[in-house]
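**Student:** Need a 3D model of the following:
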Amino acid sequence: MAWSRRRRWALWLVGAAAAVVVLAVGGTFLYIHVISGPTPAPLGLKQAGSGTGSAAAGAGSATAGESAATSVAGTWHVAAGSVVGYRVKEVLFGQNHVAVGRTSAITGHITISGTTVTAGAFTVQMATIKSDESERDVQFRGRIMDTSTYPTGTLTLARPIALASLPAPGVVRTYTVTADLTLHGHTRRVTFPLSAERTSGEIAMSGSIPILFADWDIPNPSFTGFVTTQNHGVLEFLLKLARS
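**Tutor:** Numbering: from 1, shown residues only. Predicted coordinates for the structure are as follows:
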């Protein structure tokens with residue numbers, strides 16, 4: 001009789017454990033795919049037209065290029081509508097998910113002289129970056145990015161960007177940019193494609209920079225047995241600039 005009771009208890013415990021696993025996986029699936037909604041699309045510019053900075057630089061006459069350069073020369077500062085954030089792939093109880101955090105707390109500028117971007121620097125307030133999950137944000141501000149010690153992230157242009165003749169308004173052109181990126185108190189040089197578009201009174205720029213966490217001494221965001229992430233992510237941005 002005692003053996004029978006122990007057997008029933010063992011079966012009950014196994015069944016309870018299985019139920020917990022099912023509820024965890026099922027609840028996670030429900031949260032990711034139903035409650036939290038779709039993952040925000042990557043930041044970027046709509047491709048009304050396109051070209052590359054080097055291949056398309058010769059398009060148009062010299063007069064048109066000079067006129068376009070004159071029209072954008074000066075200093076341009078970050079304006080409303082600018083967004084910076086991260087994208088990191090994670091696995092939560094066996095369910096694939098992309099964690100996205102973003103902020104609009106950005107300051108900075110670029111300086112254009114003639115047909116060249118001669119300077120550019122941007123600063124992000126790291127503690128203002130938020131995702132759709134408050135616990136993730138607590139970990140981001142704490143053990144991952146330690147925003148109390150390293151409150152800002154910065155991107156500073158390291159080499160001038162030759163624009164040559166500018167495309168017509170509304171046309172997206174892509175340039176190769178080299179800059180110094182500072183995260184978590186560490187600075188590394190990065191090279192990445194930058195898409196740019198000018199409209200009436202505004203310049204818009206977007207891009208994404210692959211981030212290998214170890215390169216900036218950033219702890220892997222994974223939680224053992226709960227959330228597993230890749231050892232890298234993406235820093236993405238969409239900047240709107242207005243002439244000062």
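**Student:** the helices in this protein, which residues?
**Tutor:** Here the chain has its helices, by DSSP state H, at 2-30, 62-72, 134-139.
**Student:** Can you give me the end-to-end span of stretch 116-132?
**Tutor:** 39 Å (CA to CA, to the nearest Å).
**Student:** And the average pLDDT for that stretch is what?
**Tutor:** In this model, stretch 116-132 has a mean pLDDT of 97.
**Student:** same deal with stretch 168-182?
**Tutor:** Stretch 168-182 comes out at a mean pLDDT of 94.
**Student:** what's the distance between it and the middle of its chain?
**Tutor:** Its chain's average C-alpha position is 15 Å from that of stretch 168-182, according to CA atoms, centre = their mean, to the nearest Å.
**Student:** Of the helices of the chain, which shows the lowest average pLDDT?
**Tutor:** For the helices of the chain, mean pLDDT drops lowest on helix 2-30, to a mean of 45.
**Student:** which residues touch the longest strand along the chain?
**Tutor:** Looking across the chain with DSSP state E, the single longest strand is strand 186-199. Outside strand 186-199, the residues that touch it by CB atoms under 8 Å, 6 or more residues apart in numbering are 44-45, 48, 72, 158, 161, 166-167, 169-181, 203-210, 215-217. Placement of C-beta: from N, CA and C, glycine included.
**Student:** Show me which of those residues are buried.
**Tutor:** Buried by 16 or more other CB atoms under 10 Å: 45, 72, 161, 166-167, 171-175, 177, 179, 181, 203-209, 216, out of the contacts of strand 186-199.
**Student:** related to what we said a few turns ago, list the buried residues of the longest strand of the chain.
**Tutor:** Buried, per 16+ other CB under 10 Å, within strand 186-199: 190, 192, 194-198.
**Student:** As PDB, could you dump the C-alpha coordinates of it?
**Tutor:** Provided in PDB are the C-alpha atoms of strand 186-199 (Å, rounded to 0.1, in the frame of the first residue of the first chain):
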ATOM      1  CA  HIS A 186      34.900  51.300 -24.900                       C
ATOM      2  CA  THR A 187      35.500  52.900 -28.300                       C
ATOM      3  CA  ARG A 188      36.100  50.900 -31.500                       C
ATOM      4  CA  ARG A 189      36.200  52.000 -35.100                       C
ATOM      5  CA  VAL A 190      33.400  50.700 -37.300                       C
ATOM      6  CA  THR A 191      32.600  50.900 -41.000                       C
ATOM      7  CA  PHE A 192      29.000  50.500 -42.300                       C
ATOM      8  CA  PRO A 193      26.700  51.500 -45.100                       C
ATOM      9  CA  LEU A 194      24.700  54.700 -44.600                       C
ATOM     10  CA  SER A 195      21.500  55.500 -46.500                       C
ATOM     11  CA  ALA A 196      20.700  59.200 -46.900                       C
ATOM     12  CA  GLU A 197      17.800  61.200 -48.500                       C
ATOM     13  CA  ARG A 198      17.100  64.900 -48.600                       C
ATOM     14  CA  THR A 199      13.700  66.400 -48.700                       C
END
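**Student:** That strand: partners in the sheet, and parallel or antiparallel?
**Tutor:** Next to strand 186-199 in the sheet, as set by DSSP bridges, lie strand 173-183 (antiparallel), strand 202-212 (antiparallel).
**Student:** I appreciate the help and will end here.
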